[in-house]
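S.K.: Need a 3D model of the following:
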Amino acid sequence: MLSALAILIYYAMTYSRYYELKPVILEDERLVFEEEYDRELFAGQMIEVLDYYAESYRVDEHGKIMVSRRLISDMELLWNYTMKARNRDWLEDAGKSR
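M.R.: Presented below is the predicted three-dimensional model:
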């Protein structure tokens, strides 16, 4: 019983962590996290996308967007979100539809 509880606590702690969200780009036919980008601009735009899709996130004390393990591991979805965050027309349309 105790070991089952320990395992449950381990998984709860592991999967409840939040990870820094960075833009995802296509580089050499692979999806990768972009390291050099305007953090303030990206955060403002990405928050609009995350809110639109009702994704869970936090903004830490340094202004970094922190997301769940589930989201950070889905590179295709993050690439899609990055493309939308960088598309002014999409952001305007999404803002109007709320």
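S.K.: And for the helix or strand hosting residue 84, what's in contact with it?
M.R.: Taking DSSP states H and E as the definition, residue 84 sits inside helix 75-85. Helix 75-85 is contacted from outside by 21, 23-26, 31, 34, 42, 45-46, 48-50, 53, 71-72, 90-91, 94, using C-beta atoms under 8 Å, 6 or more residues apart in numbering. Every C-beta, even on glycine, is put in place using the N, C-alpha and C of the backbone.
S.K.: Could you do stretch 40-52 as well?
M.R.: When contacts are defined by C-beta under 8 Å, 6+ apart, stretch 40-52 is touched by residues 21-23, 57, 59, 63-65, 67, 81-82, 84-86, 91, 94-95, 98.
S.K.: Following the chain past the lowest-mean-pLDDT helix or strand in the chain, name the next helix or strand.
M.R.: Between all helices and strands in the chain, the lowest mean by mean pLDDT, DSSP states H and E belongs to helix 2-15, at a mean of 62. Along the chain past helix 2-15, the next helix or strand (assigned with DSSP H and E) turns out to be strand 18-20.
S.K.: partners of that following strand in the sheet?
M.R.: According to DSSP bridges, strand 18-20 has the following sheet partners: strand 65-68 (antiparallel).
S.K.: List the residues that contact residue 93.
M.R.: Shown here is residue 93, which makes no contacts under the criterion C-beta under 8 Å, 6+ apart.
S.K.: Now it: which helix or strand?
M.R.: Residue 93 belongs to helix 88-96 when assigned by DSSP H and E.
S.K.: any weak-confidence spans in this protein?
M.R.: Low-confidence segments of the chain, defined by pLDDT under 70, are located at 1-2, 5-16, 98.
S.K.: What is the neighbour count of residue 85?
M.R.: For residue 85, the number of neighbouring residues by other C-beta atoms under 10 Å comes to 21.
S.K.: Quickly note the distance from it to residue 42.
M.R.: Here residue 85 is placed at a distance of 7 Å from residue 42 (C-beta to C-beta, to the nearest Å).
S.K.: go on, residue 66?
M.R.: Plainly put, residue 66 is 14 Å away from residue 42 if you go by C-beta to C-beta.
S.K.: who's more crowded, those two?
M.R.: Between residue 66 and residue 42, residue 42 has the larger neighbour count (other C-beta under 10 Å), namely 18 against 15.
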